[in-house]
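Asker: okay, sequence plus prediction incoming.
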2 protein chains.
Amino acid sequence: MQNIKLIIEYDGTNYHGWQRQKNAVTVQEKIEGALKTLTGKNIILTGAGRTDAGVHARGQVANFRIETLKIPLERLPLAINSLLPEDIAVKHAERVPEDFHSRYWAKGKVYSYYILNSKMPSPLLRYYSYHFPRPLDIEKMRRAGSYFVGIHDFSSFMASGSSVKTTVRSINKFQLDKEKDLIRITFQGDGFLYNMVRIMVGTLLEVGEGKLPPEYIPEVLRAREREKAGITLPPKGLVLERVLY
Amino acid sequence: MQNIKLIIEYDGTNYHGWQRQKNAVTVQEKIEGALKTLTGKNIILTGAGRTDAGVHARGQVANFRIETLKIPLERLPLAINSLLPEDIAVKHAERVPEDFHSRYWAKGKVYSYYILNSKMPSPLLRYYSYHFPRPLDIEKMRRAGSYFVGIHDFSSFMASGSSVKTTVRSINKFQLDKEKDLIRITFQGDGFLYNMVRIMVGTLLEVGEGKLPPEYIPEVLRAREREKAGITLPPKGLVLERVLY
């Protein structure tokens, strides 16, 4: 039995997220379909994490098990890609230990959220950024974001109605870069709650606009109430950059 | 009479270029349609230059004349954009002298061509870059590109069958940047012949691959034969960045 790990990039615009579901087209289903054509087997992919409808990935990870792979491993990405639509591509394939599990073995994830901070929208970035037309205080946003770093109960930053064993997560890196009008906010953490990045960035925008002081973030964390945090930003600005093992 | 200059960004993927034509959807026609709705007048836009089908623009310029504009100039971009599809946006509007003409007054243009140099294609960049999977020698490409700078007869780098008064053009800047897998090649010149940037970059790729030495560029220029130059790259990697006045 071989266990194969794939690194996958996709444009999430036209998908109902990563995970297979009835009556909706998903990325997982597309890749499983390509693998079925390629191998003749019903292959089940294990993804490192679900991404929601409209969210992109530059480095999603998934693995699958197969008795024998009939094509050389280094040709597998090209072979799969030839059967996939242009908005999904396998970037890399490698053999991993038999007990490797994309989700359980993941030590962390890196997500970026892109904000276009300009008066006018950008046609060239319309699918890959959230357009925010009012001025933002970048330094205040940096200060606010640094409060997310550490081990916290993030229940204020989780979509209400989600059920998880624990809402404690560890963020070990926060970074905000700005190049011209484009702001990129990156979080690295051991795991993320449902909608967590989109709510954290939504709250940072309120700080950037001057509606809330940076010091409000620790208060929101302590409150453990979804209502204290900002809005959930749209999925199109979010990219799963990397899964760490 | 007022003369109004617009700066326009568009994603050219779904258009048959800038210039209005019968039986094909163009960017010019879309904006003229929005202006008609907004002003009630049949407005003719003068563009700084045609961009071909599939070519993008971050800074196309066009002007139009109107008796009286009924909305404040600073609100014009938002008003037009509300009537445009998401892949076209007016970024800026200003009043210019009555004899300003987007094309005749243009002193130069800046074009960029984007090449994704990676083994695997990128779904997130698929509409905005040309995917070239083999290794490239960047330094050789830089040396080759520097031969374009100056005043030359560029007829070797013009689509065959074009008719122009003169094929002499002046390129005053060539730049090649690489960030990770993405190469951006920028030309600034007083004007460009039909398909000129796409053919110049097509030729640079042959140099980058080692098929031609950098010193071959001056030879191609001297030959004044289209067949001596490389292939015409696809439009999707090309962006009209700026028009200079």
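Answerer: Received it, and whenever you're ready, just let me know what you need.
Asker: OK, contacts around A:M141?
Answerer: Neighbouring residues of A:M141 by CB atoms under 8 Å, 6 or more residues apart in numbering or on different chains: A:L176, A:I185, A:L204, A:L205, A:V207, A:G208, A:P214. To be clear about C-beta, it is placed using only N, CA and C from the backbone, and glycine gets the same treatment.
Asker: interface residues of chain A facing chain B?
Answerer: A:9-11, A:56, A:58, A:77-78, A:81, A:86-92, A:119-124, A:126, A:128, A:239 (CB under 8 Å from any CB of the partner chain).
Asker: can you select the buried ones among those for me in PyMOL?
Answerer: Here is the PyMOL command that selects only those of these that count as buried (16 or more other CB atoms under 10 Å in any protein chain shown):
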select buried, chain A and resi 9+10+11+56+58+77+78+81+87+88+89+90+91+92+120+121+122+123+124+126+128+239
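Asker: any idea how far B:L244 is from A:V220?
Answerer: 48 Å (CB to CB, to the nearest Å).
Asker: do the same with A:V149
Answerer: Taking CB to CB, one finds A:V149 at 45 Å from B:L244.
Asker: what about stretch A:43-56, how long is it end to end?
Answerer: 23 Å (CA to CA, to the nearest Å).
Asker: show me how far it is from its chain's centre.
Answerer: Offset of stretch A:43-56 from its chain centre (CA atoms, centre = their mean, to the nearest Å): 9 Å.
Asker: who's in contact with stretch A:58-68?
Answerer: Contacts with stretch A:58-68, where a contact means CB under 8 Å, 6+ apart, come from A:1-10, A:18, A:27-28, A:31, A:35, A:39, A:41, A:43-49, A:51, A:91, A:96, A:98, A:100-102, A:106, A:110, A:239-243, A:245, B:124.
Asker: filter these down to the ones in strands?
Answerer: A:2-10, A:46-47, A:91, A:96, A:110, A:239-243 (DSSP state E).
Asker: just to revisit the earlier point, more neighbours, A:V220 and B:L244?
Answerer: A:V220 (23 against 15; other CB atoms under 10 Å in any protein chain shown).
Asker: tell me which element the residue of chain A positioned farthest from its centre is part of?
Answerer: Note on chain A: the largest C-alpha distance from the chain mean falls to A:K70, namely 32.1 Å (CA atoms, centre = their mean). Counting by DSSP states H and E, no helix or strand carries A:K70.
Asker: ok, it touching A:K41?
Answerer: No - with contact defined as CB atoms under 8 Å, A:K70 does not count as touching A:K41 (10.3 Å).
Asker: tell me the mean pLDDT for stretch A:225-235?
Answerer: Averaging pLDDT along stretch A:225-235 yields 96.
Asker: and A:R226, how many neighbours does it have?
Answerer: The burial count for A:R226: 18, using other CB under 10 Å.
Asker: actually A:G49, not the one I typed
Answerer: 19.
Asker: list the contacts for it?
Answerer: A:W18, A:Q60, A:R103, A:A106, A:K109, A:F192, A:L240, A:V243.
Asker: cutoff 6 Å now
Answerer: The neighbourhood of A:G49, defined by CB atoms under 6 Å, 6 or more residues apart in numbering or on different chains, contains no residues.
Asker: circling back: quick one: buried ones out of the contacts of stretch A:58-68?
Answerer: A:3-10, A:18, A:27-28, A:31, A:35, A:39, A:43, A:45-49, A:51, A:91, A:96, A:100, A:102, A:106, A:110, A:239-243, B:124.
Asker: identify the farthest-apart pair in the contacts of A:M141.
Answerer: A:I185 and A:P214 (14.2 Å; CB to CB).
Asker: comparing these two, which shows the higher neighbour count?
Answerer: More crowded of A:I185 and A:P214, by other CB under 10 Å: A:I185, with 24 against 19.
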